[in-house]
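Visitor: Sequence and predicted structure below; questions after.
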Amino acid sequence: MAIRRKYSVSDVQKVIHALISKLISATSPWTSWQAVYGYPEGEVFNFSKLLVYVDTPIKTGTLTHQGGRPAVTMEIVLGCWNSGGDEGTGGVEECDIAAGHLLDLFGDVDVYSTQFTVTLGATTYTNKTLYDHGIIVTGSTGPRNIPVEDPLEYRREVTVSLIVTF
Amino acid sequence: MAISSECRIDFTGWEAKSTRIKYAISEAVKEAIDYGMDELSRKVTQNLGGMRHKAGTKSPSPGKLPVTMISGNLHQAVRHKRIDLTRGAVFIDKNKAPYAVHVHYGTKKMRPRRFMSDAVAERREAIINRQRYLVKLKIRRAGGNPSEILGL
């Protein structure tokens, strides 16, 4: 259990980002995309690739049981943003494919078999799984279509529900 | 002395109690939905009630709640309505603040300020607890046992 209670928000965000970055570095079709930690700021909007952003998680509740340390339930928004127009980066279809892959990733037990490396505080955890970090996925919903300003820009968001143990 | 040969079974008391409890639950649900909508609207309005700044100037706290105000239209656009007896909705009046969705989800130039989903996440547990209490209270007052009826 690597997640630190007092840093749970940023730690969970880093772990999920590391998981997605690992897939993006090694697995097709994830390699066509780009992972962003947090909301994509102006400078990353070069859109050479579709962006998969990992937004800040929100705590939604606490799970307590006698004799055990309480766990928290969280929701994290993962978004796909494609602004290369229909020619450059695959358009709306690419965005939907990315959203579908995110939904499938967090709706399948395979999410627990992907090993990745993440640094939390001063400690680097090498080749650990989501389960090793004490994160259990309870569901994923979406994709929600997010209105955008540019007609050739496409954006979807998926919400993933988690139980985080410490 | 004749012994009666019939055995009467009378469920009228049970039926009256069931009707009373059913009515109590429907009243409690109405009250619980109203409470949920009020509480959520209050929190959303609070999330939209940041300091005022002039049009054309940058927000003093970009990407943070409460959302800062220029015209104040979004702050005044929080509405709620009852959909049916068991459902209600809190929403933003699009005619009053058509830009609400961009404030909530962000744009290329503006970070998101999720005034609605943050309010839901923050108040969900408290609202559900209060709603559960309201339903239990009404059932108890109608002479029922909430644990038996709700299985809680």
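Guide: Structure received.

Visitor: The lowest-mean-pLDDT helix or strand in chain B - contacts with which helices or strands?
Guide: When the helices and strands of chain B are compared on mean pLDDT, DSSP states H and E, helix B:146-150 comes out lowest with a mean of 76. Packing partners of helix B:146-150 (3 or more CB pairs under 8 Å, 6 or more residues apart in numbering or on different chains; DSSP states H and E): helix B:115-141. In this view, the C-beta of every residue, glycine as well, is placed from N, C-alpha and C.

Visitor: And the helix it packs on, what does it pack against?
Guide: On a contact count with 3+ CB pairs under 8 Å, 6+ apart, helix B:115-141 meets strand A:58-63, helix B:12-47, helix B:100-105, helix B:146-150.

Visitor: Return the nearest residue of chain A with respect to chain B.
Guide: A:Ile58 (4.3 Å; CB to the nearest CB).

Visitor: residues touching that residue, list them.
Guide: A:Met74, A:Glu75, A:Ile76, B:Ser117, B:Asp118, B:Ala121, B:Glu122 (CB atoms under 8 Å, 6 or more residues apart in numbering or on different chains).

Visitor: re earlier: could you list the buried residues of the least confident helix or strand of chain B?
Guide: Neighbour-count burial for helix B:146-150 flags B:Pro146, B:Ile149 (criterion: 16 or more other CB atoms under 10 Å in any protein chain shown).

Visitor: Would you reformat the contacts of A:Ile58 as CSV and include neighbour count and pLDDT?
Guide: Formatted as CSV, the contacts of A:Ile58 follow (neighbours: other CB atoms under 10 Å in any protein chain shown; pLDDT from 0 to 100):
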residue, neighbour count, pLDDT
A:Met74, 23, 91
A:Glu75, 20, 91
A:Ile76, 23, 93
B:Ser117, 16, 89
B:Asp118, 18, 88
B:Ala121, 18, 87
B:Glu122, 18, 86
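
Visitor: Excluding residues flanking it in the chain, which one is nearest residue 54?
Guide: No chain was given, so I picked chain A. Nearest residue to A:Val54 in three dimensions, chain neighbours excluded: A:His17, at 4.5 Å (CB to CB, 6 or more residues apart in numbering or on different chains).

Visitor: sorry, should have said chain B
Guide: B:Ile70 (7.3 Å).
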